[in-house]
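Enquirer: sequence first, predicted model second:
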Amino acid sequence: MLRDLDRVLYHESTILVRLDELAAQITKEYRDLELTVVAVLNGSFMFMGDLLRRIPLPLRVDCVSVASYHGGTETTGKVTFDQLSIPDVKGRHVLILDDILDSGLTMDAIKHKLGGLGAKSIKVCVLLRKLKKRMAEVDAEYVGFDIGDEFVVGYGLDFQEKYRNLPCIGVLLPEVIEAGFAAARAAKDKE
């Protein structure tokens with residue numbers, strides 16, 4: 001799988017050092033508050049596990065499953081919530097964890113949904129924030145790394161549900177992306 005990367009942006013050791021720093025910030029800010037962490041699946045599961053083990057606070061943890069990419073490398077513009085029930089956040093301080101802040105559409109939809117359920121406060125923590133103009137005006141209070149507008153995989157981030165288990169974050173080769181799309185088109189044509 002590493003051979004499918006054009007280059008590695010962040011090695012595992014660099015990611016873990018940055019998570020120590022983020023955890024210290026979050027712990028300091030929420031020390032005397034009851035915090036509910038809402039992780040966005042599937043991309044944030046590695047980030048969530050590694051970050052939350054570093055936060056020595058009593059946490060309520062829940063997840064939401066949303067989709068906006070639907071197998072591509074860019075958002076479709078449509079955000080769908082895939083679970084039957086949304087976490088109970090009424091009167092709670094909420095920290096949303098996500099793997100990447102890209103178009104902003106997904107995060108904006110999640111913030112609106114949780115805000116409408118009576119959350120006392122909502123902040124956002126992302127592993128990666130793309131430095132680009134967003135389709136929705138949303139930002140993150142806690143950011144692991146800022147990156148350019150390129151397609152990345154690893155450490156939970158995927159391309160067509162592959163590469164999530166890479167311990168690093170890297171830029172996927174353009175020819176690998178094109179081959180993946182070609183294979184998907186060929187499979188669809190067989191249906």
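Expert: Arrived safely, thanks for sending.

Enquirer: quick one: contacts of the longest helix seen in the chain?
Expert: Counting by DSSP state H, the longest helix found in the chain is helix 12-30. Helix 12-30 is contacted from outside by 10, 47, 50-51, 54-57, 93, 95, 125, 127, 142, 144-145, 155, 167-169, using Cβ atoms under 8 Å, 6 or more residues apart in numbering. (Each C-beta comes from the backbone N, C-alpha and C, glycine too.)

Enquirer: and the helix or strand of the chain with the lowest mean pLDDT, how far from the chain's centre?
Expert: In the chain, the helix or strand scored least confidently by mean pLDDT, DSSP states H and E is strand 80-81, which has a mean of 70. In terms of Cα atoms, centre = their mean, to the nearest Å, the centre of strand 80-81 is set 15 Å apart from its chain centre.

Enquirer: note down every partner strand of that strand and its orientation.
Expert: strand 59-67 (antiparallel) (DSSP bridges).

Enquirer: the strand it pairs with: which residues count as buried?
Expert: 62, 63, 64, 66, 67 (16 or more other Cβ atoms under 10 Å).

Enquirer: cool, stretch 102-120 as well?
Expert: Buried, per 16+ other Cβ under 10 Å, within stretch 102-120: 102-111, 113-114, 119.

Enquirer: residue 32: neighbouring residues, count only.
Expert: 6 (other Cβ atoms under 10 Å).

Enquirer: repeat for residue 90
Expert: Residues near residue 90, counting by other Cβ under 10 Å: 10.

Enquirer: check contacts around the nearest residue to it once chain neighbours are set aside.
Expert: In space, and not counting its chain neighbours, residue 90 is closest to residue 118: 3.9 Å by Cβ to Cβ, 6 or more residues apart in numbering. Going by Cβ under 8 Å, 6+ apart, residue 118 touches 89, 90, 91.

Enquirer: and residue 118, that one's in a strand?
Expert: No: counting by DSSP: H, G, I helix; E, B strand; the rest coil, residue 118 is located in no strand; its state is coil.

Enquirer: from residue 89, how far off is it?
Expert: Residue 118 is 7 Å from residue 89, where distance means Cβ to Cβ, to the nearest Å.

Enquirer: contacting residues around the nearest residue to residue 117 once chain neighbours are set aside?
Expert: In space, and not counting its chain neighbours, residue 117 is closest to residue 89: 5.3 Å by Cβ to Cβ, 6+ apart. Residue 89 sits next to 36, 38, 114, 117, 118, 119 when contact means Cβ under 8 Å, 6+ apart.

Enquirer: what do you get for residue 131?
Expert: Residues near residue 131 by Cβ under 8 Å, 6+ apart: 146, 147, 148, 149.

Enquirer: dump the residue contacts of the residue nearest in space to the middle of the chain.
Expert: Geometric centre of the chain, nearest residue: residue 99, 1.9 Å, by Cα atoms, centre = their mean. Contact analysis of residue 99 by Cβ under 8 Å, 6+ apart lists 40, 43, 44, 47, 126, 127, 128, 155, 156, 157.
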